[in-house]
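>>> Any chance you could fold what I've pasted below:
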Amino acid sequence: MARYFDVHPVNPQRRSIDQVVRMIRSDGLVAYPTDSCYALGCRLGNKEGLDRIRQIRHLDDRHHFTLMCRDFAQLGQFVHVDNAVFRAVKAATPGSYTFILPATREVPRRLLHPKKKTVGARITEHPVAQALLQELGEPLLSSTLLLPDQDEPLVQGWEIKERLDNAVDAVLDSGECGTEPTTVIDFSSGEPEVVRRGAGDPSRFE
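Coordinates of the predicted model:
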């Protein structure tokens with residue numbers, strides 16, 4: 001049964017954040033809010049957590065998982081960016097964008113796109129996600145909480161708890177945070193390609 005945490009959307013309670021981070025470090029899988037919608041997240045090296053996300057969302061091995069990063073310095077440890085890409089990504093972060101970029105050796109092979117050797121990366125503005133990342137000290141391996149039988153992501157924490165009570169270890173509820181997932185920009189060829197239109201304005205990359 002999932003632990004349920006009702007957290008303040010702007011000033012999340014430190015005790016709740018500490019408890020959830022302990023669960024993540026113990027290879028737990030959590031549902032947490034972002035600035036686009038709720039996401040599933042686990043520790044980067046948590047293979048079982050990765051498999052659980054695939055199972056919940058019915059994903060294949062071509063799905064781009066996202067590294068939810070605290071800031072640009074952390075993001076730079078896990079992806080390769082040249083000067084032009086650096087400027088474009090920096091101008092759009094933090095925000096509701098996911099960038100597909102060539103991965104460094106810091107990223108476990110099982111997270112990479114099998115052909116491109118790329119991974120998704122983003123920096124969120126949401127205070128709860130930022131508090132988690134600050135305390136954890138490493139990125140969260142994440143995926144939008146969009147269930148296979150749903151057209152839109154779940155937006156209510158109680159509903160997530162109800163639907164995924166036996167599939168996740170914790171739910172952080174900070175109220176609604178939107179139904180629109182991030183805009184996805186693929187930089188794997190060096191030039192931006194908008195592959196999904198979402199919460200972030202895609203026009204700056206077109």
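>>> From the chain's centroid, how far away is the helix or strand encompassing residue 128?
Secondary structure from DSSP states H and E places residue 128 in helix 127-136. With CA atoms, centre = their mean, to the nearest Å as the basis, helix 127-136 stands 12 Å off its chain's centre.
>>> quick one: contacts of it?
The contact list for helix 127-136 (CB atoms under 8 Å, 6 or more residues apart in numbering) reads 7, 9-12, 17-18, 20-21, 24-25, 32-35, 39, 41, 43, 68-70, 74, 124, 139-140, 172, 174. Bear in mind the C-beta positions are built from the backbone N, C-alpha and C, glycine included.
>>> Could you rerun that using 6 Å?
With contact meaning CB atoms under 6 Å, 6 or more residues apart in numbering, helix 127-136 is reached by 7, 10, 12, 17, 21, 33-34, 70, 174.
>>> tell me the SS of the residue nearest to the spatial centre of the chain?
Centroid-nearest residue in the chain, with CA atoms, centre = their mean: residue 142, separated by 3.4 Å. Using DSSP: H, G, I helix; E, B strand; the rest coil, the structure places residue 142 in strand.
>>> is it in a bridge, and if so with what?
Using DSSP bridges, the bridge partners assigned to residue 142 are residue 41, residue 66.
>>> So which of the contacts of helix 127-136 wins on neighbours?
With neighbours taken as other CB atoms under 10 Å, the top of the contacts of helix 127-136 is residue 33, carrying 29 neighbours.
>>> hmm, back to that, I'd assumed residue 39 was in contact with the residue nearest to the centre of the chain.
Yes. Counting by CB atoms under 6 Å, residue 142 does reach residue 39; the two are 4.6 Å apart.
>>> what comes up buried for stretch 141-148?
Neighbour counts over stretch 141-148 (16 or more other CB atoms under 10 Å) mark 141-147 as buried.
>>> quick one, strands of this protein?
Taking DSSP state E as the criterion, the chain contains strands spanning 3-6, 30-32, 39-43, 66-69, 97-102, 118-123, 140-144, 170-173, 183-186, 193-196.
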